[in-house]
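S.K.: here is my input; please provide its structure:
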Amino acid sequence: MSIYVPNGKVEREQMLDVIGVDKLEDLLTPIPESIRFKGELDLPAPASELEVVNEFKGFAAKNSSADLVCFLGAGAYDHYIPAAIDNILTRSEFFTAYTPYQAEVSQGTLQAIFEYQTMISRLTGCDAANACMYDGASAVAEAALMAIRSTRKKRVLVAGSVNPRTIDVIHTYMDNGDFEINEVPFGSDGLIDLEAADKLAEGGVAALVLQYPNYFGSIEDVKAAADLIHGHKGLLVVAADPIALGVIEAPGRLGADVVVGEGQPMGIAMSYGGPYVGFMATNAAFLRKMPGRIVGRTEDRAGNTGYVLTLQTREQHIRRAKATSNICSNQALMALANVIYLTLTGETGFKEVARQCWHRSHYLHDRLLEIDGVTDVFDTPFCREFVIDLPVSADTAVEAMGEAGYLAGLPIPGLGDGAIMLTATEKRSRKEMDSFVEALGKHIKGAR
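M.R.: Model (predicted):
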């Protein structure tokens, strides 16, 4: 919302005149009188612009996380964002654009989406990608529904090692329908229990949903999971971390049928949880079952390159009974941020960011294990996140580290009172990590 809205009394009267009503209250006539608010709002006394701005600065100052050295991950990551991204995103032709219904006046937006789809397809190892989804969690839920449409089965298996917030979103999408969700437990190594999955898949399932790397940062065996679920005639849906795909094999090349994920790490700020952008890619066999939009490249009669919406799956474009999605808002602005990020880093730079995240997370992990009493929760290879067990309360440690200037990580109470998950991106310097380890060690020593 703009910090300045230049609509005074005269402008409001002019707008009401154009609409054809005498006063603002006339716009409320569709709302029954019985449920309208009556009386005066409990608002403070009028204040000057300077006073209002200062008051809101005080509110903003309470959000200290932006100033903390961040070791928190679990789906939102503190990566470096090149300045060029905001510069391009805020250009009016992109910033004000909505869904590109009219291809002849939306060539720039359509080309950006086409490039996005191409990059996501290469990153995930799949044949094609759609324009974009709302966020990573809803992309997973949409992929589960896509599998249900493709297999005509109504049961879905979800690995317990998937982000619990993503599992919540899957339930939000599916619990009110005629569907069944079975959660597959994870073992003592933090990985999905494939034997349990095999048993649960008996009788037929639409899909197995897996996270790669999983919620705890451990690297799942995607190929084994693909072989298992394909043996039961189901699809494998993999929720992948895009940055991790710079150092580990693409799920599409390991047998995944649908690859989804959250694009926030690629040039989008954490922003207290959004707006983010989900990506989705699949193989040619399931292309027409995929929700969202697909942009194609073609040529006109004169041989000029042109871009068009080729497959449009919204009920607005096709018969409602044939629609595969109600994805309405165009997320192309956030997708454009991904395109610019990937263009600026290039393949070499992108892989280097992934390697830096890998090495820095492992450095932080090894340094933390030097603290007396700190142990691993899982003894399996990890990529980004890792989970350790503190000899003191993880909640108390996070609070203490916050006062010391660090966003210390995410407590995982289901794994124990001291279980905490941390990560380190390419932004974290050796000095920051060493200082954090020292501060946490002092807290643990004092709390024991």
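
S.K.: which stretches of this protein have low pLDDT?
M.R.: Low-confidence segments of the chain (pLDDT under 70): 1-4, 64-66, 97-99, 101, 103, 312-331.

S.K.: how about the helix or strand hosting I170: buried residues?
M.R.: Secondary structure assigned from DSSP states H and E places I170 in helix 164-174. Of the residues in helix 164-174, those buried by neighbour count under the rule 16 or more other Cβ atoms under 10 Å are 166-167, 169-170, 173-174. Every residue, glycine included, has its C-beta placed from N, CA and C.

S.K.: what's the answer for stretch 333-346, then?
M.R.: Buried-residue list, stretch 333-346, by 16+ other Cβ under 10 Å: 333-343, 345.

S.K.: name all residues that make contact with A337.
M.R.: By Cβ atoms under 8 Å, 6 or more residues apart in numbering, the residues touching A337 are 85, 89, 263, 266-268, 277.

S.K.: can you name the next helix or strand after the helix ranked longest in the chain?
M.R.: Ordering each helix of the chain by length in residues (DSSP state H) puts helix 332-368 first. Moving toward the C-terminus from helix 332-368, the next helix or strand (DSSP H and E) is strand 375-376.

S.K.: contacts for the helix or strand where V53 lies next, please.
M.R.: Remark: V53 resides in helix 49-61, with elements defined by DSSP H and E. Contacting residues not belonging to helix 49-61 are listed as A47 [Cβ under 8 Å, 6+ apart].

S.K.: for whichever helix or strand comes after that helix, packing partners?
M.R.: Under the assignment DSSP H and E, the closest C-terminal helix or strand after helix 49-61 is strand 69-70. Counting by 3 or more Cβ pairs under 8 Å, 6 or more residues apart in numbering; DSSP states H and E, the packing neighbours recorded for strand 69-70 are strand 406-407.

S.K.: strand partners (parallel or antiparallel) of the first helix or strand past the strand it packs on going along the chain?
M.R.: Sequence order places strand 410-411 as the next helix or strand after strand 406-407, per DSSP H and E. Strand 410-411 has the following sheet partners, assigned by DSSP bridges: strand 419-422 (antiparallel).

S.K.: pull the residues that contact the partner strand.
M.R.: Under Cβ under 8 Å, 6+ apart, the answer for strand 419-422 is 71-74, 216-217, 361, 364-365, 368, 377, 385-390, 394, 397-398, 408-413.

S.K.: please enumerate the helices of the protein.
M.R.: Listed from the start of the chain, the chain has helices (DSSP H) covering 9-19, 49-61, 83-89, 92-95, 107-124, 136-151, 164-174, 194-200, 222-231, 332-368, 394-403, 430-447.

S.K.: could you dump those into CSV and include distance to F186?
M.R.: What follows is the helices of the chain, written out as CSV (distance: least, Cβ to Cβ, whole Å):
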stretch, distance to F186
helix 9-19, 57
helix 49-61, 39
helix 83-89, 36
helix 92-95, 42
helix 107-124, 23
helix 136-151, 17
helix 164-174, 12
helix 194-200, 9
helix 222-231, 12
helix 332-368, 20
helix 394-403, 19
helix 430-447, 27
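
S.K.: any idea how far apart the tips of stretch 94-114 sit?
M.R.: The first residue of stretch 94-114 is 15 Å away from its last residue (Cα to Cα, to the nearest Å).

S.K.: how's this structure carved up into domains?
M.R.: By the assignment in automatic domain parsing, the chain contains the domains 65-80+347-447, 83-341.

S.K.: these: which one's closest to L16?
M.R.: Using Cβ to Cβ as the measure, domain 83-341 is the one of the domains of the chain that comes nearest L16, at 24.7 Å.

S.K.: could I get the buried residues of helix 164-174 in CSV, plus columns for distance to G125?
M.R.: Below are those laid out as CSV (distance: Cβ to Cβ, whole Å):
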residue, distance to G125
T166, 21
I167, 25
V169, 24
I170, 23
Y173, 26
M174, 27
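
S.K.: list just the nearest of these to R428.
M.R.: Nearest to R428 among these, with distances taken as Cβ to Cβ, is T166, at 25.1 Å.

S.K.: surely the closest one and L210 touch.
M.R.: No - applying Cβ atoms under 8 Å, one finds T166 not in contact with L210, separated by 11.2 Å.

S.K.: so what sits against both of those two?
M.R.: Residues touching both T166 and L210 by Cβ under 8 Å, 6+ apart: A239.

S.K.: tell me the angle of the longest helix of the chain relative to helix 430-447?
M.R.: Computed with axes from the mean of the first three to the mean of the last three Cα atoms, to 10 degrees, the direction of helix 332-368 lies at 60 degrees from that of helix 430-447.

S.K.: which residues does I243 contact?
M.R.: By Cβ under 8 Å, 6+ apart, the residues touching I243 are 77, 79, 265-266, 353-354, 357, 384.

S.K.: just the buried ones from the contacts of strand 419-422?
M.R.: The neighbour-count criterion (16+ other Cβ under 10 Å) marks 71-74, 216-217, 361, 364-365, 368, 377, 385-390, 394, 397-398, 408-412 among these as buried.

S.K.: how many residues are close by E195?
M.R.: In terms of burial, E195 registers 11 neighbours under the definition other Cβ atoms under 10 Å.

S.K.: returning to that earlier point: most tightly surrounded among the helices of the chain?
M.R.: When neighbours are counted by mean count of other Cβ atoms under 10 Å, the highest per-stretch mean among the helices of the chain falls to helix 136-151, a mean of 24.
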